[in-house]
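1. Make a model of this:
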Amino acid sequence: MKNMLSLVLLFSLITTGCNLSSSGYQPLEFLEGSQDQIDNKIIIEHLVASGDLTAKNTDSGIYYNITEPGTGKAWTEGATVKAHYTGTLLDGTKFDSSIGRQPLSFQLNGVIKGWGESIPLLKEGGKGVFYIPSGLAYGRRKVGNKIPANAILKFEIEIIKFG
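-> Now for the predicted structure:
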């Protein structure tokens, strides 16, 4: 019954332009049949199946939840980011993580576009979960043996420091 309810809700979301404005979703405009549209549908299906109707989305198609807003300073242009992260595919397959190692230090011009848009949404000490559509990740490219072409990536990110 729960699966049937989820399917009905998903169909309703898709046919009404994915507008759940009362729960934070905003309608996105995509070309019919485009990879962006396919990714958006898959992300929404994943969120509905997991019971997460609180995720918000950006204009570019990233869905996210800020789990801890952080109280430190915000990101500024050119700042080096120091962060912990775990990256998984939507099926839960982990492809990378800094947990148990030193935090990763980087600048936003050296990472995937999805991180370039996601990281500034957090402050120091902040944590969030980000669903990055394939076009803002690696697109049609397969990366190693762990990330297939057109993969939607899920990242749990904690900002340690902006400097």
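
2. so which helix or strand takes in the most centrally placed residue in the chain?
-> What sits nearest the mean C-alpha location of the chain, by Cα atoms, centre = their mean, is Tyr131, with 1.9 Å. Assigned by DSSP states H and E, Tyr131 falls within strand 127-132.

3. Kindly format the C-alpha coordinates of that strand as CSV.
-> These are the backbone C-alpha positions of strand 127-132, laid out as CSV (Å, rounded to 0.1, in the frame of the first residue of the first chain):
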residue,chain,number,x,y,z
LYS,A,127,26.2,19.9,7.2
GLY,A,128,24.0,19.1,4.3
VAL,A,129,22.9,16.3,2.0
PHE,A,130,23.1,17.2,-1.7
TYR,A,131,21.7,15.3,-4.7
ILE,A,132,23.7,16.4,-7.7
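
4. Name the next helix or strand downstream of it, please.
-> Heading C-terminal from strand 127-132 (DSSP H and E), you reach strand 153-162.

5. Specify the angle between that following strand and strand 127-132 in degrees.
-> 140 degrees (axes from the mean of the first three to the mean of the last three Cα atoms, to 10 degrees).

6. So which elements touch strand 153-162?
-> Applying 3 or more Cβ pairs under 8 Å, 6 or more residues apart in numbering; DSSP states H and E, we find strand 153-162 packed against strand 80-89, helix 113-118, strand 127-132. Quick note: C-beta positions are derived from backbone N, CA and C, even for glycine.

7. rewinding a little: tell me the strands beside the strand holding Tyr131, with direction?
-> Applying DSSP bridges, strand 127-132 is found paired with strand 63-68 (antiparallel), strand 153-162 (antiparallel).

8. looking at it, Asn150 is touching Arg140, isn't it?
-> Yes: with contacts defined as Cβ atoms under 8 Å, Asn150 counts as touching Arg140 at a distance of 6.1 Å.

9. Now list whatever residues contact both of those two.
-> Contact criterion Cβ atoms under 8 Å, 6 or more residues apart in numbering; residues shared by Asn150 and Arg140: Ser134.

10. where in this structure is pLDDT low?
-> 1-32 (pLDDT under 70).

11. Hmm, Ala83 is touching Lys123, no?
-> No: Ala83 is beyond contact range of Lys123, at 11.9 Å (criterion: Cβ under 8 Å).

12. out of these two, which sits in the more crowded spot?
-> Taking neighbours as other Cβ atoms under 10 Å, Ala83 and Lys123 compare with Ala83 leading, 22 against 17.
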